[in-house]
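Visitor: Let's see this in three dimensions:
(one chain, ligands or ions: 2)
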Amino acid sequence: MTTPTSHPFYLDCDTGIDDALALAYLLATPQAHVQGIGTVSGNVSAAVGARNTLDLLQLAGHAHIPVAVGAHDPLAGSFGGGAPHVHGSNGIGEVSLEAASVSLASETAAEMLVRLAHEHPGTLRVLAIGPLTNIAEALRLEPDLPRLVEGITIMGGAALAPGNLTPVAEANIANDPEAAALVLSADWNVTLVPLDVTMSNVLEERHRQELLASSGPVPRALGEMLGYYFRFYESQFGRACSAMHDPLAAALAVGGVKAAVAPVVHVDVDTTDGPGCGQTVCDMRGLYMDYPEQPEARCRVVLSLEDDFAPHLVEVLLSFGGAEGTTAGLAGAVSLT
Ligand code: BDR
Ligand code: CA
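Guide: Ligands and ions are numbered 1, 2, ... in the order given. Here you go, the predicted structure:
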């Protein structure tokens, strides 16, 4: 049941360790009421991401939320095999969860998004934390989608920061630039959460230890997964810690954290096959000079936050350690392979 202060959400993800954190954040936040989840190939295939999502939902006591498998391949080309070096071969850091007993939805992710947009006209919030293939397909299915939803928050891109897949391109955008170009040129209320802000808000080992010390299986499972993620990010930060891409996008979409600097600018996606492919070309000239308003500007690009994000994230995730998290049937459902 959606309360006046709770918003219906559609989550599109490629689950993924940080996707798992984002999902847990939404489930633990009373302001978010997740109506459906679609998966897309990115960190893992759309099919593996869907299984991970179902297993996480069951662990969290939310197995009733429908999960639809979305696009396996990007709009142009084919799925490249994911990022096992970042997320592990199973996408969730080699942590093995009890297999969910519920089935996948019979609709596709794009169909689910369009259906939910019609069922919640003007109020549905879309959170996209994987490549944007499903969202682009939904726009093709329902050209009125931008007017039907309240808005979309996207983890992706890099405005002034370097990329993470190529020197200039971030993974979610680079894995399907054609889809990103379609989605970012649609006329809707769009917030982009790029690497500029997700790489500068870091989860430390002490935060991971807090999750591991929880009595609840959800924070403990996330703490285990983060061990794998931290090892990848150690090569970039020089210590055991990680960026917080997807949960930060979730928190901004819910309103759990506030942006400090977030200009509304024009964003183009490079879909050429040159070295800029997948780059989000954000018109940030207004940061340096008194630049005239951009008539086509419609994308709010988050560059920094009002407050440190990690303590908030940990506090929200630890709320799974209460009655729900200690349900006897869930205990021992997490193990490392
Ligand atoms: C994004 O790419 C994926 O690996 C993460 O889950 C996140 O959505 C970061 O570039
Ligand atoms: Ca993701």
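
Visitor: Where does the residue nearest to residue 119 when sequence neighbours are not counted fall, secondary structure wise?
Guide: Spatial nearest neighbour of residue 119, chain neighbours left out: residue 35 (7.7 Å); criterion: C-beta to C-beta, 6 or more residues apart in numbering. Placement of C-beta: from N, CA and C, glycine included. Residue 35 is part of strand 32-39 when elements are defined by DSSP states H and E.

Visitor: is any part of that strand close to ligand 2?
Guide: No - Strand 32-39 does not reach ligand 2 (C-beta under 5 Å from the ion); its nearest approach is 10.1 Å.

Visitor: Same check on stretch 132-140?
Guide: No - under the criterion of C-beta under 5 Å from the ion, ligand 2 is not reached by stretch 132-140; the shortest gap measures 11.2 Å.

Visitor: what residues does that stretch touch?
Guide: With contact meaning C-beta atoms under 8 Å, 6 or more residues apart in numbering, stretch 132-140 is reached by 12, 38, 40-41, 70-71, 73-75, 108-111, 113-114, 117, 126, 128, 145-146, 152, 154, 156, 172-173, 176, 178-180, 182-183, 186.

Visitor: got a pLDDT number for residue 148?
Guide: You'll see residue 148 listed with a pLDDT of 98.

Visitor: Just give the nearest non-adjacent residue to it, would you?
Guide: Distances taken as C-beta to C-beta, 6+ apart put residue 117 closest to residue 148, at 4.0 Å, once the chain neighbours are dropped.

Visitor: So which residues of the stretch 1-150 of the chain form strands?
Guide: Using DSSP state E, counting those that start in this stretch, the strands of the stretch 1-150 of the chain run over 7-13, 32-39, 67-69, 95-97, 125-128.

Visitor: Go through those and name the closest to residue 311.
Guide: strand 32-39 (19.3 Å; C-beta to C-beta).

Visitor: Tell me who's in contact with the residue nearest the centre of the chain.
Guide: The centroid of the chain falls nearest to residue 129 when counting by C-alpha atoms, centre = their mean (2.6 Å). By C-beta under 8 Å, 6+ apart, the contact set of residue 129 is 11-14, 16, 18-19, 22, 154-155, 172, 245-246, 249-250.

Visitor: any idea how far it is from residue 223?
Guide: Distance, residue 129 to residue 223, using C-beta to C-beta, to the nearest Å: 20 Å.
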